[in-house]
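Participant: sequence first, then the predicted structure:
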2 protein chains.
Amino acid sequence: MAHSPKRKLFLDLVRAIFRINGLLLADGDRMAEGVGLTSARWKVIGIIALSNAGVTVPGIARALGQSRQAVQRITDVMQTDGLVSYATNPRHKRSVLVQLTDQGQQVYHALRTVQDPWAIGLTDDVPVDELESALRLLQRLIFRMEKP
Amino acid sequence: MAHSPKRKLFLDLVRAIFRINGLLLADGDRMAEGVGLTSARWKVIGIIALSNAGVTVPGIARALGQSRQAVQRITDVMQTDGLVSYATNPRHKRSVLVQLTDQGQQVYHALRTVQDPWAIGLTDDVPVDELESALRLLQRLIFRMEKP
DNA sequence: GTCAGGCTGACTGTATGTTGTCAATCTGGC
DNA sequence: GCCAGATTGACAACATACAGTCAGCCTGAC
């Protein structure tokens, strides 16, 4: 199996994923610094913005596939920075809902105006069906890795 | 452009890359803990093992697309753990060569015996050409992001 | 209603990664 | 040979992420 071409292919894919992950974070930081964010924070802001009624911290963590402690610390910092606010959760006494403040909304939209052209430019000459099939492959691998 | 399906597709792809990056690190840690490694360390060990004559710390960093400081810290720890050794570099007075010790070699091979079946099993029913095209797409994106 | 088990917040420790800075070394053009 | 610019090692500050732990709250089965 050590000589399986598929094995080498897969390990190359793993290396590419590590590499592009780092590059995406670097690009994200570069785009976000204009609005005073870091990539970890706009990842969280993106999830909150997608929800209408607010989400709990563990809910954000599950959506991102991260530990709730990591998300908790980020939301705490963003609260002191005035980007998010905690609202009482009618369905759970201790688990509060995280919502974007007006300032948080403004930052989110400012970020979008930078992020959207970046996303478009990067995939300029990449056919849609290639994006689709790559996404399907990754999601398939994710699914298999999440169900042990 | 906000309604471009390609934009949403790309952002889904970005999310999938973040997700699978985390899962790969978690799986890597799980596999590596049996031999006393972490995923950051086997990434470095893998690069060293591929080189015959030894590589410099900045060389490893370039291969991984990371900062040399991050790699330096890892190799320092692995040296005190006896996995790697520093050899004088005939081509550079200050920049030493990192080499695997016998123990490092053993750990590397022990890791392979766990990692290879994992790689095979994960891509069991994934056609080779799908892996190839996904890899090509990622490498294309990487190339565009590396050349600003 | 009660209670066991799950979920959540808070805290701690550790690992990893980035950027920035400084001095020492190396390289290549002249 | 010499010097400007790149490379390297060393150190520091900071951000992010994970795992573990504990106590309090919630949910659902009984």
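Facilitator: Good, I have the coordinates. Please read these numbers as outputs of a predicted model, since none were measured by experiment.
Participant: now do the closest residue in space to A:D29 that isn't next to it in sequence, the pLDDT please.
Facilitator: Ranked by Cβ to Cβ, 6 or more residues apart in numbering or on different chains and with sequence neighbours excluded, the top spatial neighbour of A:D29 is A:S39, at 5.2 Å. Backbone N, C-alpha and C define where each C-beta goes, glycine included. A:S39 carries a pLDDT score of 91 in this model.
Participant: what does chain A put close to DNA strand D?
Facilitator: Selection of chain A residues close to DNA strand D by Cβ under 7 Å from any atom of the strand yields A:38-41, A:43, A:65-67, A:69-70, A:73-74, A:77, A:91-94.
Participant: re earlier: state the distance from the residue nearest to A:D29 to DNA strand C.
Facilitator: Look at A:S39 and DNA strand C: by Cβ to the nearest atom of the strand, to the nearest Å, they are 10 Å apart.
Participant: neighbours around that residue, how many?
Facilitator: If you count neighbours by other Cβ atoms under 10 Å in any protein chain shown, A:S39 ends up with 18.
Participant: for it, give me its contacts.
Facilitator: For A:S39, the residues meeting the contact criterion (Cβ atoms under 8 Å, 6 or more residues apart in numbering or on different chains) are A:L24, A:L25, A:G28, A:D29, A:A32.
Participant: if we check DNA strand C, which of the residues you listed are in contact?
Facilitator: Restricting the contacts of A:S39 to those within reach of DNA strand C (Cβ under 7 Å from any atom of the strand) leaves A:D29.
Participant: from the contacts of A:S39, list the buried ones, please.
Facilitator: With burial judged by 16 or more other Cβ atoms under 10 Å in any protein chain shown, the buried subset of the contacts of A:S39 is A:L24, A:L25, A:G28, A:A32.
Participant: any chance of TSV for the residues you listed, columns pLDDT and secondary structure?
Facilitator: Written out in TSV, the entries for the buried ones among the contacts of A:S39 read as follows (pLDDT from 0 to 100; DSSP: H, G, I helix; E, B strand; the rest coil):
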residue	pLDDT	secondary structure
A:L24	92	helix
A:L25	91	helix
A:G28	89	helix
A:A32	87	helix
